[in-house]
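Got a predicted structure plus its sequence, pasted below:
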Amino acid sequence: MKKLLYIFLVLMCFTNGNSYSWEKVLFPDHVDKKTKSPWNFFENFEKRKEGRLRINKNKFTINDKGTGLKPFIIHKETDGNKYLAVTVKHGWNHDPYMKKGRETERAEFQTCKKALDKEMWISFKKRLPQDFTHIDDRLMFFQFKNQIKKGGKSPLLGIRYYKNGNQLKIGGDTGGNASKNFRQKGSAMSSSEVREEKYIHRIGAKYKNKGGDWFVRWEKDREDDKNKDRDDLRFTTNNASVTPLGEWSTYKIGIYNTRGKDGFVKVYKDNELMFDYKGITYDWSGPYDETCIRVGAYRDSGKQFGIEYPDQTIHFDDFIVVSDENTLDQLIRKNEKP
């Protein structure tokens, strides 16, 4: 009976097309309840009113340092489709507390839950408008970030541009000691021992735009001491192309967030596999707090260089998080525009 109910509700979602927002998605019977995603939803902004985004704190929150909801605007296209436009401006949500040379600006919305030892499949559509201007610096538009209660931390997975949009970096940190000043509660370690313990296990790949296609520049696995350079700029396995301004691209991400060696991180862009890591995805020192999934715009600030970066707006649509790849694929296919 439960299986029939699941099929009925999923089919109702499909037949209704873009008629709902933050719709709960049931997970199939075959999904292990112990590892199922704490999120199972679809958000396409269709029921949202045009104008400034309204936040339900039980679902979404924002990374706010004083700017509030000004960066988040719902727009409607000529075909009736609604989407979220996220804008970062000079000085908006500026973080002056970063160490010199790493001050930041951001406009991100997020959803956070306990997600350790869980499997999640995520998708979203992204578009850079025709008048978009890249900068010769970092611009991150997606984060999957494990938070620990003390010490610094970096995302397990971040997707970001560099070098005026001519480089794309995918990856992050699987764990380590997040801060040289970090020591576990009750630890008798001396300051020198704490400094010696500092380490980060990074994974990632950096791509270079060459003739409108993404070529791998370097790769790094968790066990590598340094990046593996690809001097020949070998072509990506599935010939991933650079999306032109004004056009939508679809990202699909699979993550098993675990201390075990059976963890994984997969990133597809427009059905092309661009990143495929297998192994431990969480082993930070210190107590686990929660995991946040973020989309938006996060960049280094021009203030630290005495310059003002231009406004940057990114469009997002069809934000999905579910427990299994098959359900995600069905939702992506159903919402593809002809």
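In hand now; what should we look at? Numbers count the residues shown, from 1 in each chain.

Can you show me the helices along the protein?
For the chain, the helices defined by DSSP state H cover 2-15, 191-197, 325-334.

Packing partners of the longest strand that the chain contains?
Across the chain, the strand with the greatest residue count (assigned by DSSP state E) is strand 288-300. When contacts are defined as 3 or more C-beta pairs under 8 Å, 6 or more residues apart in numbering; DSSP states H and E, strand 288-300 sits against strand 82-88, strand 104-113, strand 118-127, strand 139-148, strand 312-322. (C-beta placed from N, C-alpha, C; glycine too.)

Same list, these, but as JSON lines with mean neighbour count and distance to Arg52 please.
Listed next are the helices and strands packed on strand 288-300 as JSON lines, based on neighbours: other C-beta atoms under 10 Å; distance: least, C-beta to C-beta, whole Å:
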{"stretch": "strand 82-88", "mean neighbour count": "20", "distance to Arg52": "11"}
{"stretch": "strand 104-113", "mean neighbour count": "20", "distance to Arg52": "12"}
{"stretch": "strand 118-127", "mean neighbour count": "22", "distance to Arg52": "20"}
{"stretch": "strand 139-148", "mean neighbour count": "21", "distance to Arg52": "20"}
{"stretch": "strand 312-322", "mean neighbour count": "22", "distance to Arg52": "14"}
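
In a markdown table, list those strands along with distance to Gly66.
As requested, the helices and strands packed on strand 288-300 are exported to a markdown table (distance: least, C-beta to C-beta, whole Å):
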| stretch | distance to Gly66 |
| --- | --- |
| strand 82-88 | 13 |
| strand 104-113 | 11 |
| strand 118-127 | 26 |
| strand 139-148 | 20 |
| strand 312-322 | 19 |
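
Please tabulate the ones you listed in CSV, including the columns distance to Pro244 and mean pLDDT.
As requested, the helices and strands packed on strand 288-300 are arranged in CSV below (distance: least, C-beta to C-beta, whole Å; pLDDT from 0 to 100):
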stretch, distance to Pro244, mean pLDDT
strand 82-88, 17, 97
strand 104-113, 23, 92
strand 118-127, 10, 98
strand 139-148, 16, 95
strand 312-322, 14, 97
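
Quick check: which of the ones you listed is nearest to Glu247?
Using C-beta to C-beta as the measure, strand 118-127 is the one of those that comes nearest Glu247, at 6.5 Å.

so how far is the closest one off the chain centroid?
8 Å (C-alpha atoms, centre = their mean, to the nearest Å).
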